[in-house]
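Trainee: Have a look at this prediction, sequence included:
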Amino acid sequence: MCDAKVLADVRADISGFSGDLGAVGHALFVKMFQRPGVQDQFPKYKGKSVDSVKAEITAHGKKVVAQLVDFAQKADTSDMSGMVADFISLHTKNKIPHASIAAARDDIISTLAAHGMKSASWGAFLDFFFGAIKY
Ligand code: HEM
């Protein structure tokens, strides 16, 4: 179970956020794609300029951030096993090792901070999330 203070801290950041989750998602993917090899793991984006897929990575990044938000909001009250199973099956189907997911930790933290979600508890929350989706 995730520490109650950690969940409370990240929820406070989420409820204080009034911007656009798509902009957060776009910034996250631009940052992730700066690490060698990451963009190539997405068949849809491989070999394309980041600018030319701006609309797609915005929509995709928004889903990624929304999933983290959803997890933060439900992790202590709901059965997350269906979401976890879907996450694992989607990423294993796309041949993404767990280590590649967890490698996005610092990119996620710095992107959220750049959009005002600066709690020091995001690291602990992400560690909990990465543990929950371990395969
Ligand atoms: C905590 C981090 C992450 C979350 C919450 C997350 C979540 C998601 C979600 C919700 C989708 C489904 C999107 C849709 O239905 O259209 C997805 C797809 C996918 N994710 Fe992740 N993801 C994360 C990290 C990563 C990382 C780091 C990689 C690769 C290095 C990755 C690779 C993929 C791929 C290849 C797909 C399939 C995309 C496609 O169908 O075109 N994910 N992810």
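Mentor: Right, received. Where do you want to start?
Trainee: Let me know the outermost residue of this protein.
Mentor: Most distant residue from the mean C-alpha position of the chain: residue 47, 22.6 Å away (C-alpha atoms, centre = their mean).
Trainee: measure it to residue 93 for me?
Mentor: Using C-beta to C-beta, to the nearest Å, we find residue 47 at a distance of 21 Å from residue 93. Quick note: C-beta positions are derived from backbone N, CA and C, even for glycine.
Trainee: Please report how far residue 73 lies from residue 1.
Mentor: Distance, residue 73 to residue 1, by C-beta to C-beta: 15 Å.
Trainee: out of the two, which sits in the more crowded spot?
Mentor: Neighbour count, other C-beta atoms under 10 Å: between residue 73 and residue 1, residue 73 has more, with 15 against 7.
Trainee: Leaving out sequence neighbours, find the closest residue to the more buried one.
Mentor: Excluding the flanking residues, the one nearest residue 73 by C-beta to C-beta, 6 or more residues apart in numbering is residue 11, at 6.6 Å.
Trainee: CA atoms only: put the helix or strand containing that neighbour into CSV for me.
Mentor: Assigned by DSSP states H and E, residue 11 belongs to helix 4-15. Extracted C-alpha coordinates of helix 4-15, given in CSV (Å, rounded to 0.1, in the frame of the first residue of the first chain):
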residue,chain,number,x,y,z
ALA,A,4,-1.0,7.9,3.0
LYS,A,5,1.1,11.1,3.2
VAL,A,6,2.6,10.4,-0.2
LEU,A,7,-0.9,10.0,-1.7
ALA,A,8,-2.1,13.1,0.1
ASP,A,9,0.8,15.2,-1.2
VAL,A,10,0.5,14.2,-4.8
ARG,A,11,-3.3,14.6,-4.7
ALA,A,12,-2.8,18.1,-3.4
ASP,A,13,-0.6,18.9,-6.4
ILE,A,14,-3.1,17.4,-8.8
SER,A,15,-6.0,19.3,-7.4
